[in-house]
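Participant: sequence plus the predicted model coming up.
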Amino acid sequence: MRASHRATRVAAAPATALTSLPREIRDRQGGNGCPRLLILDGHRSHINFEFCQYAIDNNIELLCFPSHTTHLLQPLDVSLFRPLQKYYGKAADDHMRDTCTAVIKGTFWKFYSTARGQAYTKENLKSAWRKTGIHPFNPNAVLTQLVAPRSAPSLASKKVVLKTPKKSTDV
């Protein structure tokens, strides 16, 4: 695996996320010496040469989602963040409606931790991988959600006659 040219140009990125992982996760080897897969959103600020080199040296394959596709392909976006937003939003709305007061730090953390417990369930986590077609592998899980672009109406079918305006009032 080679680091991409684009990744080598990103010099301003901080120390890599891979080297900051806890040692027991970072140093764990894939089963039977197989490479591990790390899926990324592909934003250039997340990848630099050091990051790619660390992955190569440690038998980690990097897979980057295409731009503007994480709402379909990123398991966290698909099945965890949406429910979290829904549960937190409902708790905050109920609080503001019932008390006529804004959400403050103390109530934020209470609502957030409750919403997180509701959203981050084993079922939602498994669903995230399934809905994105990552595990079990199923490209159609995402492809069936895509809508073909509508084609522009044909001018030939409307029998439109175009004339050059002769006066400014004809425009």
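Facilitator: The structure has been received and is ready for your questions.
Participant: distance of residue 82 relative to residue 68?
Facilitator: Distance of residue 82 to residue 68, given as Cβ to Cβ, to the nearest Å: 17 Å. Glycine gets a C-beta too; all of them are placed from N, C-alpha and C.
Participant: report the secondary structure state of residue 63.
Facilitator: Here residue 63 is recorded as strand under DSSP: H, G, I helix; E, B strand; the rest coil.
Participant: who's it bridged to?
Facilitator: With DSSP bridges as the criterion, residue 63 is bridged to residue 39.
Participant: contacts only, for it.
Facilitator: 37-40 (Cβ atoms under 8 Å, 6 or more residues apart in numbering).
Participant: can you lay out those as TSV showing neighbour count and pLDDT?
Facilitator: Shown next, in TSV, are these (neighbours: other Cβ atoms under 10 Å; pLDDT from 0 to 100):
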residue	neighbour count	pLDDT
37	11	86
38	14	87
39	15	88
40	16	87
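Participant: which one of the residues you listed is nearest residue 145?
Facilitator: residue 39 (18.4 Å; Cβ to Cβ).
Participant: please name the residues that touch the closest one.
Facilitator: 63-65, 134.
Participant: now those residues: which count as buried?
Facilitator: Buried members of those, counted by 16 or more other Cβ atoms under 10 Å: 64-65, 134.
Participant: so can I have TSV of these showing distance to residue 114 and pLDDT?
Facilitator: What follows is the buried ones among the contacts of residue 39, written out as TSV (distance: Cβ to Cβ, whole Å; pLDDT from 0 to 100):
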residue	distance to residue 114	pLDDT
64	34	89
65	30	88
134	28	91
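Participant: what's the burial count for residue 92?
Facilitator: 17 (other Cβ atoms under 10 Å).
Participant: gap between it and residue 83?
Facilitator: According to Cβ to Cβ, residue 92 stands 15 Å off from residue 83.
Participant: thinking again about what came up before, using JSON lines, lay out the contacts of residue 63 together with distance to residue 166.
Facilitator: JSON lines is the format used below for these (distance: Cβ to Cβ, whole Å):
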{"residue": "37", "distance to residue 166": "67"}
{"residue": "38", "distance to residue 166": "67"}
{"residue": "39", "distance to residue 166": "63"}
{"residue": "40", "distance to residue 166": "61"}
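Participant: among those, which pair sits farthest apart?
Facilitator: Largest pairwise distance in the contacts of residue 63, by Cβ to Cβ, is 10.3 Å, between 37 and 40.
Participant: longest helix in this structure, please.
Facilitator: helix 82-99 (DSSP state H).
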